[in-house]
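# the following block contains a protein sequence and its predicted model.
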Amino acid sequence: MISTKGRYALRVMLDLAEHAANGFVPLKDIAERQEISKKYLEIIVKDLVGAGLIKGSSGKGGGYTLCRKAAEYSVGEIIEKTEGTLAAVACLSANAEKCPRAGQCKTLPLWREYDEMVHNFFYSKKLTDLLPSRK
């Protein structure tokens with residue numbers, strides 16, 4: 001399950017993409033538009049900065065901005081950077097130890113197929129796919 005942290009991180013990224021033309025976007029503006037506590041957003045943007053997805057600037061005219069073009073971000077990348085693995089079961093996580101039952105596990109193919117569907121779904125969606133179309 002994707003927590004509020006992951007969902008809010010996606011909303012922050014979308015907000016920054018929508019307001020990219022304005023340069024650095026103040027956190028208080030994002031908090032107001034998204035109706036999310038500024039204090040909680042401080043935690044989320046710290047993680048996004050740490051993951052190299054956004055950058056911040058302090059002082060007058062400061063705030064946050066995307067590090068890349070919005071079309072270069074996948075939803076999967078944003079979620080995994082804030083939530084961790086999308087794997088449904090521990091044995092399919094990237095850093096999981098080899099399961100001693102993998103060779104005889106009758107459910108492993110099911111979990112692999114599910115994991116692949118989830119991964120492909122989220123990584124096929126770009127941040128720009130979620131933006132309202134401009135006419």
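Received it, and whenever you're ready, just let me know what you need. Numbering: from 1, shown residues only.
# so where's the longest helix in this protein?
The longest helix of the chain (DSSP state H) is helix 108-124.
# and it, what other elements does it pack with?
Using 3 or more CB pairs under 8 Å, 6 or more residues apart in numbering; DSSP states H and E, the elements in contact with helix 108-124 are helix 75-83. The way it works is simple: take the backbone N, C-alpha and C, and place the C-beta from them, glycine included.
# hmm, who's touching the helix it packs on?
Contacts with helix 75-83, where a contact means CB atoms under 8 Å, 6 or more residues apart in numbering, come from 2-3, 5-6, 9-10, 13, 44, 47-48, 51, 53, 86, 119, 121-123, 125-127, 129-130.
# please, where are all the helices along the protein?
4-18, 27-34, 38-50, 75-83, 108-124.
# circling back to that earlier point, buried subset of the contacts of helix 75-83?
Buried subset of these (neighbour count, 16 or more other CB atoms under 10 Å): 6, 9-10, 13, 44, 48, 53, 86, 119, 122, 125-127.
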